[in-house]
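Participant: Okay, here's the prediction I keep looking at, along with the sequence it came from:
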Amino acid sequence: MEAFGQFIPLILIFGIMYFLLIRPQQQKLKQHQAMVEALRRGDQVVTAGGLIGKVSKVKDDGEVEVEIASDVKVRVVKSTIAQVLNKTEPTDA
């Protein structure tokens, strides 16, 4: 029983680390994945590299085509989208 008493502080430290570090990070990752999956044509986005542009095409293979200037389009990996500035409203078609 005395040996178990020595492990209680270690278990408490692990529990505190889980609730302060690991769990919030997992929730943030889920939110980011949901944001990336909800991307649609016309959304204004910011990439991790700092480029601001409008989504012109969402591809199935994990890529997004972003128009950063008039007639200038770049292919971006979906996971590098850092933020969605303006969402377009879904059409009822």
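Facilitator: That came in fine, so what should we check first?
Participant: quick one, what contacts residue 62?
Facilitator: 77-79 (CB atoms under 8 Å, 6 or more residues apart in numbering). Using the backbone N, CA and C atoms, a C-beta is placed for each residue, glycine as well.
Participant: By mean pLDDT, flag the weakest helix or strand of the protein.
Facilitator: For the chain, the helix or strand with the lowest mean confidence is helix 2-17, at a mean of 89 (criterion: mean pLDDT, DSSP states H and E).
Participant: quick one: the strands in the protein?
Facilitator: With DSSP state E, the ranges of strands along the chain come out as 44-47, 52-58, 63-69, 72-77, 81-86.
Participant: Nearest approach to residue 14 belongs to which of the ones you listed?
Facilitator: Taking CB to CB as the criterion, strand 81-86 is the member of the strands of the chain that comes nearest to residue 14, at 31.2 Å.
Participant: just checking, what packs against the closest one?
Facilitator: Packing contacts for strand 81-86, counted by 3 or more CB pairs under 8 Å, 6 or more residues apart in numbering; DSSP states H and E, involve helix 23-37, strand 44-47.
Participant: ranking those by burial, who's on top?
Facilitator: By mean neighbour count, with neighbours taken as mean count of other CB atoms under 10 Å, strand 44-47 ranks first of the helices and strands packed on strand 81-86 at a mean of 18.
Participant: Centre of the chain to that strand, how far?
Facilitator: Distance of strand 44-47 from the chain centroid (CA atoms, centre = their mean, to the nearest Å) equals 12 Å.
Participant: circling back to that earlier point, so which of the contacts of residue 62 wins on neighbours?
Facilitator: residue 78 (16 neighbours; other CB atoms under 10 Å).
Participant: Enumerate every residue touching that residue.
Facilitator: Applying CB under 8 Å, 6+ apart, the residues near residue 78 are 36, 39, 62-64.
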